[in-house]
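Colleague: need the 3D shape of this:
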Amino acid sequence: MSPIPQERAVALLQSTELFGGLHEEVLRTVATDAIERRFGKGEVIFQEGDPAEALLVLVEGIVKVYVVSARGGEMVLATLRPPGSLGEVSLLDGGPRSASAAAIEPTTVLALARSTFLGLIDRERSVADAMLRASGHLLRRLTGQTADLVFLDLEGRVAKLLASMADERGVRVDGELTLDLGVTQNDLAAMVGGSRQSVNQILHALAAKGIIRLEHRTVFVVEEDALRRRAT
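Modeller: Below is the predicted model of the structure:
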């Protein structure tokens, strides 16, 4: 854990939804209190029930936010990449962390103390507005996930997840949409509420239908319309 160079911290804060609308002098004040933290692949960043001491802004890497059942089953609520942030809800209500977070690959975050963040909300209306938007996005995502678990079968949920990931970070190469999953099949399974074996079977079934093509952890979307139809 170490202080981060101010110029780097300011640039990172400017790239986020929460802080992007602030004047540079305000960001410099915030950056003064920022701490850089590094986590290895698979390392837990915080656990459900931990006290919420800081807001975390992703600098590099991928983080999964998840909950674990009493029997040890895991469900991934979200995967986050820079310049995403996590831990906002617990900071606002003062309660413990409502979920756990772990690094999917080597990850660096920028940590802002709860007192710094709450003071910023009091002073800067734009941060409060962005916080409300972030809370609304979280509620919409969780509502959508709940509906998918009820109304879509597992293949439909896998297709919808692939379509969503392709929209977020797919790259079109020679007319073909290419998606680097960035997560393991265990993580994919946890994101759709299935087992690794069943998700593996569904991926190969979609490939057999000519909808996608698989190469290690890369998915090539061959028939976009068909994938989106299967996701409904």
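Colleague: and stretch 155-169, what's its mean pLDDT?
Modeller: Mean per-residue pLDDT for stretch 155-169: 89.
Colleague: quick check: the gap between the residue nearest to Ser198 when sequence neighbours are not counted and Asp93.
Modeller: Nearest residue to Ser198 in three dimensions, chain neighbours excluded: Leu154, at 6.1 Å (C-beta to C-beta, 6 or more residues apart in numbering). (Each C-beta comes from the backbone N, C-alpha and C, glycine too.) Remark: distance between Leu154 and Asp93 (C-beta to C-beta, to the nearest Å) = 34 Å.
Colleague: buried residues, the lengthiest helix in the chain. List them.
Modeller: With secondary structure taken from DSSP state H, the chain has its longest helix at helix 125-151. Buried residues in helix 125-151, counted by 16 or more other C-beta atoms under 10 Å: Ser126, Val127, Ala130, Met131, Ala134, Gln145, Asp148.
Colleague: the residue lying closest to the last one once chain neighbours are set aside: neighbour count?
Modeller: It refers to Asp148. The shortest distance from Asp148 to any non-neighbouring residue, by C-beta to C-beta, 6+ apart, is to Arg157 (5.4 Å). Other residues near Arg157 come to 21 when the count uses other C-beta atoms under 10 Å.
Colleague: quick one: residues contacting Arg157.
Modeller: Listed by C-beta atoms under 8 Å, 6 or more residues apart in numbering, the contact partners of Arg157 are Asp148, Leu149, Val192, Gly193, Gly194.
Colleague: what lies in contact with stretch 215-226?
Modeller: 162-163, 166, 170, 176-184, 203, 209-214, 227.
Colleague: just the buried members of those residues?
Modeller: Buried among these by 16+ other C-beta under 10 Å: 162-163, 166, 170, 177-179, 181-183, 203, 211-212, 227.
Colleague: closest one to Ala101 out of the residues you listed, please.
Modeller: Val183 (14.0 Å; C-beta to C-beta).
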